[in-house]
Each structure stands twice: as C-alpha cells, then as structure tokens.
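Trainee: give me a model of this one.
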Amino acid sequence: MMLPLNYLCWLHERVTLVPLADLADIHDLGPGQIKVLQRFYSIISVARHPLSHTEMFSEVIQKVIQENNHLILKEGLLIYAKTQTHNTFYDDNWLSELAQRHGIGHWDSATLSLNHCATALSAIHFLKGKARKENKPVILLTGEKAFHKDINKLDNGLLAEIPVALLLNAGQKAEWSISDSCVIHLADFHNNHRDKPQQQRRELFSTLDNHYIEFYLALLKKFKLELDDIDAIVPGNLDLPQLKRVFSALNYQGEIFTDALSHYGHAYCSDIPLNLCMLLKRFRGKRVLCVTMGMGITLSGILIERDQSNENSVTGYQ
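Mentor: Modelled structure (predicted):
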C-alpha cells in the first residue's frame, strides 16, 4: 500500500550559503581543515538560516498549511524528526505551540529521536503503518540549528541549517508515493567506537563501504527490484569520496543526486528531503531510492515511485 507524498518544501530563499573561509571562527576551522574539506570532500560552502530554531520551522509549517488548507479540518500527526546530537528544547512545548499557531492545534504532535541523521527516513518507516491504519495525514519536519562549534563540524563535512517539511497521506492524489522502506542497524559500530584506539577504529571503519553496499543490495531484495529498475539514487550529503566508491562498486548506471552536497553541506536529517525537492522538480524517471546513514550506525532507506496517472495532481516540491 502506497503512502502518498503530497507536498515537500523548503524555503530556499531564506537560506544563505556561507563559504568555508567565512565559517573559520564560528566553526573553529583551521586553514588545514578548510583545505581538506575543500579538496578531499568537495565542500565549498554551508547553508545557514537566519531565524531561531522555532521560527524557521514556523515558516515551513505555514507554507504547508497555505498550500494545503484542507488540513485544518482534519485530524493528523505533526512529527519533528531530529538527531541525537543535542536535545532540542525537549522541555518546551514549542512544537505543539507551533501547531496551535498554524491552525492544527488539534493534531497530535511529537518529537522523534531515533538514530541520528537517519531519523527522518526511520520515522517514515516507523509511522507509515499508523498513518495508513488511522488514515491520517502526517507533516514530518526535519532540520536543526547548528548550535555549537564543537558539534558543527565532522571529519568529512560541515553541518547545515535547512528546515524541511514533508506532507504524507493527506487524502489527495499524489504524483509520488513512498512504496516501501527499510532500516538496518549495524551494532558493531555502537557509539562509533569513540573509546577505541585509533588503529582499531580505522580497521572497523574500513569495513563500512562493504556494509553500505550490502544495504543497497538488501533494499533491492526487499523491494523485489533489480538495480536497473532504479532511475535515481538520492544519498545523504556526507562523505562524497565514500559515495563515489560505493556507487562505483555497485556499477550503478542511473542518476546519483549529489548536487547539493558541495554547496549546502550535511543538513542532519534534512539531506534526503532537500535533495528530493531539487531532484523532483525536473526528474522524469519512475523510481527513486533514498538512503541515509546515521551514527551508531543505522542505515535507512525508502523507495518512492511515480504514479504517472497523477502527474497533474496537487503534489508540490518547493
């Protein structure tokens, strides 16, 4: 049973792309780190948002409601999918207050923190049965503020601020639907082995490419598809050299969407919806496989498929 993807948006005009050199102080980046990020990981700039955490999400909720105003007459689920990098105002009622502000205060609202940057796709995997059974729409919010220089940078990327909203199962025909999903946890990588000596960590992470490849093959088996059946793959915005190695090993001949990685950076859980927003505006294929990796390590994937009979439906990607 398909889960319609009725609307998908981010407000690109609100985001500023900041060159790495301009982030040196607030991210505590030395000249050597900047060179490595630029030359090896192809990072040119990082997206920053001018508003506070709460207000940047208020804008995307408002956009979803404006474009789908029938939602205020329905019961639904408002879900914020976040990483475990920091507890985002867990003791405030910011999410339910935003629901009230935008006319859906009668909806259930909750924050999900499942497995770091795989949380958004894992949330879809977790919630799809409930949404179908109860026949309720879901607004899935994701994205975060990069609060502190100690967690704003990774060895292979920089963290961005891009709030995104997905509207699922809204009771209307949609051009694209989520047809299946899968989550696999690699227990050997618990806590990324931060307590282990560097040599042991290096040996462990040398196996990660193979795990990544095996996950793609497991997805195809679960979805009963061949690699040639996939028209595009949308990965997370992290570690471009690794992505290139994995797709080379798979010998994948379709489109691999990594256009946003160099300019926008790694936007926590927002990578996949951000990339889908950009891809689906001009994409004419039928199937898109989305895969993301969360620290720990968890791999999450969804398959979205086009219903060509609904190409003129209400679905929007902005």
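
Trainee: neighbours around residue 257, how many?
Mentor: 20 (other Cβ atoms under 10 Å). C-beta here means a position set from N, CA and C on the backbone, and glycine is covered the same way.

Trainee: okay, helices next: where are they in this structure?
Mentor: 31-39, 53-67, 94-101, 119-134, 198-205, 208-223, 240-250, 261-264, 271-280 (DSSP state H).

Trainee: buried sites along the third one?
Mentor: By neighbour count, and taking 16 or more other Cβ atoms under 10 Å as the criterion, the buried residues in helix 94-101 are 94, 95, 96, 98, 99.

Trainee: packing partners of it?
Mentor: Other helices and strands packing on helix 94-101, by 3 or more Cβ pairs under 8 Å, 6 or more residues apart in numbering; DSSP states H and E, are helix 53-67, strand 77-82, strand 108-113.

Trainee: how far off centre is stretch 113-123?
Mentor: Mean-position distance between stretch 113-123 and its chain equals 8 Å (Cα atoms, centre = their mean, to the nearest Å).

Trainee: please enumerate residues in contact with that stretch?
Mentor: 79, 81-85, 87, 112, 126, 140, 142, 181, 183, 185, 236, 238, 266, 268-273, 290-296, 298-302 (Cβ atoms under 8 Å, 6 or more residues apart in numbering).

Trainee: show me which positions of it end up buried.
Mentor: 113, 114, 115, 116, 117, 118, 119, 120, 121, 122, 123.

Trainee: for residue 21, state which of those residues is nearest.
Mentor: residue 117 (25.5 Å; Cβ to Cβ).

Trainee: show me where the stretch 151-300 of the chain dips below the pLDDT cut-off.
Mentor: 190-195 (pLDDT under 70).

Trainee: residue contacts, residue 242?
Mentor: 156, 208, 209, 212.

Trainee: pretty sure the third one contacts residue 245?
Mentor: Yes - here residue 209 lies in contact with residue 245, judged by Cβ atoms under 8 Å, at a distance of 5.5 Å.

Trainee: about what we covered before: among the contacts of stretch 113-123, which lie within strands?
Mentor: The strands, defined by DSSP state E, take in 79, 81-82, 112, 140, 142, 181, 183, 185, 290-294, 298-302 from the contacts of stretch 113-123.

Trainee: and residue 203, which of the helices and strands packed on helix 94-101 is closest to it?
Mentor: When these are compared by Cβ to Cβ, strand 108-113 sits nearest residue 203, at 29.8 Å.

Trainee: buried set for the closest one?
Mentor: For strand 108-113, by 16+ other Cβ under 10 Å, it's 109, 111, 112, 113.

Trainee: tell me the contacts of residue 161?
Mentor: Counting by Cβ under 8 Å, 6+ apart, the residues that residue 161 touches are 15, 47, 48, 49, 56, 143, 144, 145, 146, 267.

Trainee: whoops, residue 219 was the one
Mentor: 182, 289, 291, 301, 303.

Trainee: does the fourth one touch residue 290 like I think?
Mentor: The one in question is residue 301. Yes - Residue 301 lies in contact with residue 290 (Cβ under 8 Å); the separation is 6.3 Å.

Trainee: nearest to residue 160, of the helices of the chain?
Mentor: Nearest of these (Cβ to Cβ): helix 261-264, 5.4 Å.

Trainee: mind listing what residue 137 touches?
Mentor: Shown in contact with residue 137 (Cβ under 8 Å, 6+ apart): 6, 71, 74, 76, 77, 131, 167, 168, 169, 170, 171.

Trainee: so among these, which ones count as buried?
Mentor: 6, 71, 76, 77, 131, 167, 168, 169, 170.

Trainee: if anything else comes up later, I'll come back, but that's it for now.
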